[in-house]
Each structure stands twice: as C-alpha cells, then as structure tokens.
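*Asks:* 3D model of this:
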Amino acid sequence: MTKRILVVEDQDDNRRIIRDLLSSVGYEMIEALDGAAGVRLAASERPDLILMDIQLPVLDGYQATRRIREHPELGRIPIVAVTSYALSGDEAKALAAGCNAYIAKPFSPRELLAMIRELLGDAPE
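*Replies:* Just a heads-up that it's a prediction; the model follows:
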C-alpha cells in the first residue's frame with residue numbers, strides 16, 4: 001500500500017519540490033496551505049507522516065503540531081518540522097511542540113528521503 005504524506009507548506013515552489021521528490025519514490029502527497037488546514041487534513045486523511053513547515057498562515061507549525069498531538073488517534077503519526085528557521089534552539093522548540101524530527105531548508109533531497117524512510121520504517125528502493 002502506498003504511504004501517504006501530508007505536506008503542510010504555504011509556498012508553491014517548496015510544495016512542488018517536495019511533490020516531485022515524494023512522487024519519484026512512490027509516496028502519495030496530500031497538501032495543506034496553512035496550519036489550520038493541516039490539522040483538519042491530519043484528522044480526516046490520517047496520513048502516514050506529516051512534513052510541517054513552521055512559518056505558516058492561520059496557525060504556525062508549532063501550534064498545528066500541538067493541536068494534532070492533542071488528538072489521541074493522531075499521536076503516532078510522525079511529524080517532521082521542515083523549516084527555514086535554523087537558529088540555535090529552533091530544533092529543540094520543534095521537538096518540544098511534538099515533532100519527531102527537524103530538517104532545515106534548503107534540505108538535501110537524499111537526507112529528507114532517508115529521514116522519511118526511517119520514520120516510516122520503509123526500506124530504500
């Protein structure tokens with residue numbers, strides 16, 4: 001069964017890059033353009049993993065992650081903070097909000113895929 005990944009990202013270019021990367025290895029992508037939509041889609045779609053931008057309209061990525069974590073049935077979904085925030089302490093802040101991992105933009109596609117596969121328990125193709 002194809003793994004489904006929710007990408008919560010407001011920038012078109014970033015979504016396109018991630019969409020191309022994920023589809024190239026057979027993942028299905030669900031897209032949300034703001035944090036509130038990300039929370040709604042996490043609840044309705046039950047993705048296998050979430051890639052969460054931090055700087056988002058409506059709800060930022062920290063708030064969206066906390067709200068997703070409030071739902072007991074969503075608690076096991078791995079969430080990766082994918083952000084241009086790369087200051088000291090930002091990774092700890094993302095992890096404290098409930099993210100399982102953190103990757104800074106610009107990211108290495110190979111590094112992001114390795115992180116996704118590790119969190120999903122997928123063997124590389």
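*Asks:* and the helix or strand bottoming out on mean pLDDT in the chain, which residues are buried?
*Replies:* Lowest mean confidence among the helices and strands of the chain (mean pLDDT, DSSP states H and E): helix 90-97, at a mean of 91. For helix 90-97, a neighbour-count test (16 or more other C-beta atoms under 10 Å) marks 90-91, 94, 97 as buried. Every C-beta, even on glycine, is put in place using the N, C-alpha and C of the backbone.
*Asks:* Retrieve the pLDDT associated with the residue positioned nearest the centre of the chain.
*Replies:* Nearest to the geometric centre of the chain sits Leu51, at 0.9 Å (C-alpha atoms, centre = their mean). In the prediction, the pLDDT value recorded for Leu51 is 98.
*Asks:* Can you name every helix or strand that the helix or strand harbouring it contacts?
*Replies:* Under the criterion of DSSP states H and E, Leu51 resides in strand 49-52. Under the contact criterion of 3 or more C-beta pairs under 8 Å, 6 or more residues apart in numbering; DSSP states H and E, strand 49-52 touches strand 4-8, helix 35-45, helix 61-70, strand 79-83, helix 109-120.
*Asks:* hmm, 10 Å instead?
*Replies:* Packing partners of strand 49-52 (3 or more C-beta pairs under 10 Å, 6 or more residues apart in numbering; DSSP states H and E): strand 4-8, helix 12-24, strand 28-32, helix 35-45, helix 61-70, strand 79-83, strand 101-104, helix 109-120.
*Asks:* which secondary structure elements does the longest one contact?
*Replies:* Meaning helix 12-24. Short answer (3+ C-beta pairs under 10 Å, 6+ apart): helix 12-24 packs on strand 4-8, strand 28-32, strand 49-52, helix 109-120.
*Asks:* burial of the nearest residue in space to Arg15 that is not next to it in sequence, as a residue count?
*Replies:* For Arg15, ignoring the flanking residues on the chain, the nearest one in space by C-beta to C-beta, 6 or more residues apart in numbering is Glu9 at 4.9 Å. Other residues near Glu9 come to 27 when the count uses other C-beta atoms under 10 Å.
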